[in-house]
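Chemist: coordinates for the following, if possible.
(2 chains)
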There are 2 protein chains.
Amino acid sequence: MADQATRRRRGGGRAGATARRGAAVIEQMPFSPPINRDRPIEPLSQEGVAAIHDGAMRILEEIGIAFLNPEALGILREAGCTVEGDTVRMGRDFVMEMVGKAPSQFTLTPRNPARRLTVGGDTMLFGNVSSPPNYWDMEIGRKVPGTREQCANLLKLTQYFNCIHFAGGYPVEPVDIHASVRHLDVLYDKLTLTDKVMHAYSLGKERVEDVMEMVRIAGGLSHEEFEATPRMYTNINSTSPLKHDFPMIDGCLRLVRRGQAVVVTPFTLAGAMAPVTMAGAVAQSLAEALCAIALFQYVRPGCPCVIGTFTSNVDMKSGAPAFGTPEYMRATQMTGQMARFYGLPMRSSGVCAANVPDGQAMWETSNSLWAAVQSGTHMVYHAAGWLEGGLIASPEKFIMDCEVLQQIQRYMQPEVWDTSTDGIALDAIKSVGKTGHFFGIQHTQDRYTTAFYQPFLSDWRNYEGWEAAGAIWTPERAHLLYKRILETFEAPPMDAAIRDELAAFVARRKAEGGAPTDF
Amino acid sequence: MADQATRRRRGGGRAGATARRGAAVIEQMPFSPPINRDRPIEPLSQEGVAAIHDGAMRILEEIGIAFLNPEALGILREAGCTVEGDTVRMGRDFVMEMVGKAPSQFTLTPRNPARRLTVGGDTMLFGNVSSPPNYWDMEIGRKVPGTREQCANLLKLTQYFNCIHFAGGYPVEPVDIHASVRHLDVLYDKLTLTDKVMHAYSLGKERVEDVMEMVRIAGGLSHEEFEATPRMYTNINSTSPLKHDFPMIDGCLRLVRRGQAVVVTPFTLAGAMAPVTMAGAVAQSLAEALCAIALFQYVRPGCPCVIGTFTSNVDMKSGAPAFGTPEYMRATQMTGQMARFYGLPMRSSGVCAANVPDGQAMWETSNSLWAAVQSGTHMVYHAAGWLEGGLIASPEKFIMDCEVLQQIQRYMQPEVWDTSTDGIALDAIKSVGKTGHFFGIQHTQDRYTTAFYQPFLSDWRNYEGWEAAGAIWTPERAHLLYKRILETFEAPPMDAAIRDELAAFVARRKAEGGAPTDF
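Modeler: Down below sits the predicted model:
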């Protein structure tokens, strides 16, 4: 079995060669998660950090969190927490002791080990948009419910773009597949169309167990190998305010017991599910996340946990959620400070409220992506493809976002600010003097192919050149690129035996009826 | 005369009331330049700062800069610099002594003293796009040469938007006015349509002297009052590599001798007019700026000088300039570190290479505006309205940029991260508990009107609401807003006597033939 697994993994190693063939549509940067070298932006003073920490702890101590999960209640009672009905109160000593057991950094190893990721430290990871129920593209021109085909197409983008490091949830919800078997079909598509780190929704034990099994099969792993190191993760949201529901906690417990990773991301919209004041919304978000992480650390000390933030504000005129706002940016930065205080890796998102991939979409998304950089975020969810507050997935937006993500990757390369003798280039300046030009000189010739970021979507021609080429605006250019990428897409290699085993598993589980749909 | 001036200035004070009437088209934030509270992003180590400084100094010491201005050559010779032909070499001791005389902070007082600006410290100032020869809007739909009417319309936006703090150069070059008298007509328009800080092009002594005189008249100032404190500024570019031409230096000398401010902004495109390596391009830019500032400080010790950066890279495929790139961002941040090292206020820009106000325009502009924040920039030129690398001015882009600028203004307000007891809001969290909602509670009701940034252009409705309202993309929304702002625009008040005096000055100078056009 181990031998077979090794052979199969070698198959995965050929992904690089295939990716290069597919990459002919555009020149892109290599698969190499950025190392965030910027000192984070920290709006909070030490007193501010202490105040938010105290607020979060008092929420856990004085108000308590509801765990609608009897198993969790039993465990937390055993751990010494105060449990009344479904409300759990826990002291700050317990919380800090448990959270202190969580690693500040860990790895996630997908079926292609060349795609192994470090979560934590200085590494920044980007994932595709996850879970929109609807799809929009330039050709359809309107919002439509997601399908399996659209989902697969967006998974192809997830695989294609080297700046996308992990596969999040379904890039669009394929509502044409019955909910009982949707996870089986989509995971089959995900595991065969991509070789990047996988995610499972915590929506009932069957889904979680099925996905773990499929990830194990796809990796050619024994059960022991699967559990030896994190291979995948789940992401859960609390039901703000102050509640964890049954399946989310259940899914996490199943994952951590098998050595897999969990991301806990409360969705605290200030003014709706959380206080209208951002520090309060952050404190509540932290309380909701930390109590779950404390539970998981008690169950499996040292298990890999990520603290997520999804704190934004509502539009006070309409009550609609707003994203990429100044308040969102500061909440993300504050959460970054607190994540460092707790020693936990952090997740935030690439988000916008815009309904179409236009200027508003890009300033809101830029705001949120730069906030991710500034906050020291490790996992950036929804980094490509998100519209309408997460209700729409768009391939054009996906491709536009990837241009921004690549720029962040380039921005973090220290050669950009090289101050060596070659970097200062005094001899070059001397040789050109006051009347020359730097284009032709050796110093330029030696470097020009790699000196600057090369866009794949931005049009840097002048207006006349752009007009002569059809006067194509950015989303239309992205749409054309989308079509070309789909035409030439080649799935990463997978051993036929593994593919058969996966297909057989899907068939068997479908025959068994899949998963209950009463969640 | 002094009494009359005081009376006239009181007239300017009424601008606030009028602005409020005009502001009915949108709700906008008040005229209140943001205080940049973020610790700057500093890519350079101390050694890196020392290396770039040494590079800049060696350029000045070993290579020298050409000053195509006999007066400057004479002054610098007198100051002890080595002058050979038009090449000036100056030692680092001299440069640092002179630069040390420049104030790190100063004020600019326009005709409406309520619009007085602090340049330096933590204050961030935004100015309109300056000097594009062409205009583009959604109605015309193509690039056309600028006109006086378009220029005036963009000046109305400059006045209308509170987030625009100073008037830069002509927001579009009105090529329908003969170059000999263009400055007279546009300055008349600028001074009557806006009451914000004015700029003069350093394009020959007549233009500089005329503009100073018109600013003096518009302010109702005596000559002594005009010279008592900075009322206006010029911005010059060096002719990179390593050259200052005649009229730029001449204009600056005229301004500093009358106590006005100068901004020195080399345009060092890495790979074209500067080394392909960004640190080299920055070192060259600093050398070109510092030698001019040293000259001005020798002539008028303590005169207000700003060091500008316009270091970007070319597209190595086409040779076209690229803007808002990762390299641009790092160059801006590096220049920020160096500006702090020299104790000088700094200017950077809001820029993009995009030809139309689409997604690319906004990610490139966002990159450059966040780089301005991150670098500790004090004056942000071209902060609104720039397209095609500065060759096109667009009212839609102007309005879209203002939405981003307002968000930066809001981002800098410390109440966003208030961690007081009210900010943490534990009582509110307690009162809502696990099943309630924060919309209706008193803590929310007390704050909801001011809790969050309110956009004037972003559409935060869901897709269906947006579709029902016409499915209008961002640039079209901006265009509609542009038309409404123009319809309701009211110029700031100006005493009839001053207006007459300005008009008479323009008529007289036109009769005298205006300015030579052989620059």
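Chemist: and the stretch 151-300 of chain A, which of its residues are near chain B?
Modeler: The stretch 151-300 of chain A has residues A:241-243, A:270-280, A:283-284 near chain B, with proximity defined as Cβ under 8 Å from any Cβ of the partner chain. Every residue, glycine included, has its C-beta placed from N, CA and C.
Chemist: if we use 7 Å, what do you get?
Modeler: The stretch 151-300 of chain A comes close to chain B at residues A:241-243, A:271-280, A:283-284, as judged by Cβ under 7 Å from any Cβ of the partner chain.
Chemist: give the contact list for residue A:376.
Modeler: Neighbouring residues of residue A:376 by Cβ atoms under 7 Å, 6 or more residues apart in numbering or on different chains: A:36, A:40, A:336, A:340, A:346.
Chemist: residues contacting the residue nearest to the spatial centre of chain A?
Modeler: By Cα atoms, centre = their mean, the mean C-alpha position of chain A lies nearest to residue A:381, the distance being 2.7 Å. Applying Cβ under 7 Å, 6+ apart to residue A:381 gives the contacts A:127, A:130, A:168, A:347, A:349.
Chemist: for it, pull up the helix or strand it's in.
Modeler: strand A:379-384 (DSSP states H and E).
Chemist: so for the next helix or strand along the chain from that strand, mean pLDDT?
Modeler: As assigned by DSSP H and E, the chain's next helix or strand after strand A:379-384 is strand A:386-387. Averaging pLDDT along strand A:386-387 gives 98.
Chemist: contacts for strand A:386-387, please.
Modeler: By Cβ under 7 Å, 6+ apart, the list of residues contacting strand A:386-387 from outside reads A:129, A:136, A:350, A:351, A:352, A:354, A:355, A:356, A:357, A:361, A:394, A:397.
Chemist: just curious, which of these is nearest to residue B:254?
Modeler: Taking Cβ to Cβ as the measure, residue B:254 lies nearest residue A:361 of the contacts of strand A:386-387, at 46.7 Å.
Chemist: please name the residues that touch the nearest residue to the closest one once chain neighbours are set aside.
Modeler: Excluding the flanking residues, the one nearest residue A:361 by Cβ to Cβ, 6 or more residues apart in numbering or on different chains is residue A:354, at 3.6 Å. Residue A:354 makes contact with A:360, A:361, A:364, A:387, according to Cβ under 7 Å, 6+ apart.
Chemist: check which helix or strand the closest residue to residue A:86 other than its chain neighbours maps to.
Modeler: Counting by Cβ to Cβ, 6+ apart, the nearest residue to residue A:86 once its immediate chain neighbours are dropped is residue A:66, at 4.8 Å. Applying DSSP H and E as the criterion places residue A:66 in strand A:65-67.
Chemist: pretty sure residue A:195 sits in a strand.
Modeler: No. Using DSSP: H, G, I helix; E, B strand; the rest coil, the assignment for residue A:195 is coil, not a strand.
Chemist: measure it to chain B for me?
Modeler: 28 Å (Cβ to the nearest Cβ, to the nearest Å).
Chemist: okay, now that residue: neighbour count?
Modeler: Using other Cβ atoms under 10 Å in any protein chain shown, residue A:195 has 29 neighbouring residues.
Chemist: ok, back up a step: quick check: beta-bridge partners of the residue nearest to the centre of chain A?
Modeler: As for beta bridges, residue A:381 partners with residue A:349 under DSSP bridges.
Chemist: can you pull out the helices in the stretch 351-500 of chain A?
Modeler: A:359-375, A:395-411, A:421-424, A:426-432, A:442-445, A:463-468, A:474-488, A:496-511 (DSSP state H, counting those that start in this stretch).
Chemist: check what contacts the fifth one and list those residues.
Modeler: When you say that, I think you mean helix A:442-445. Where contact means Cβ under 7 Å, 6+ apart, the residues beyond helix A:442-445 that reach it are A:425, A:428, A:438, B:271, B:275, B:276.
Chemist: tell me the residues of the stretch 401-519 of chain A that contact chain B?
Modeler: A:404, A:407, A:410-411, A:416-419, A:422-426, A:428-430, A:432-434, A:437-439, A:443-444, A:447-449, A:451-453, A:458-463, A:466, A:473-475.
Chemist: filter the residues you listed to the buried ones?
Modeler: Among these, the ones that count as buried by 16 or more other Cβ atoms under 10 Å in any protein chain shown are A:404, A:407, A:410-411, A:416-419, A:422-426, A:428-429, A:432, A:434, A:438-439, A:443-444, A:447-448, A:451-453, A:458-463, A:466, A:473-475.
Chemist: number of residues surrounding residue A:319?
Modeler: Residue A:319 has 12 nearby residues by other Cβ under 10 Å.
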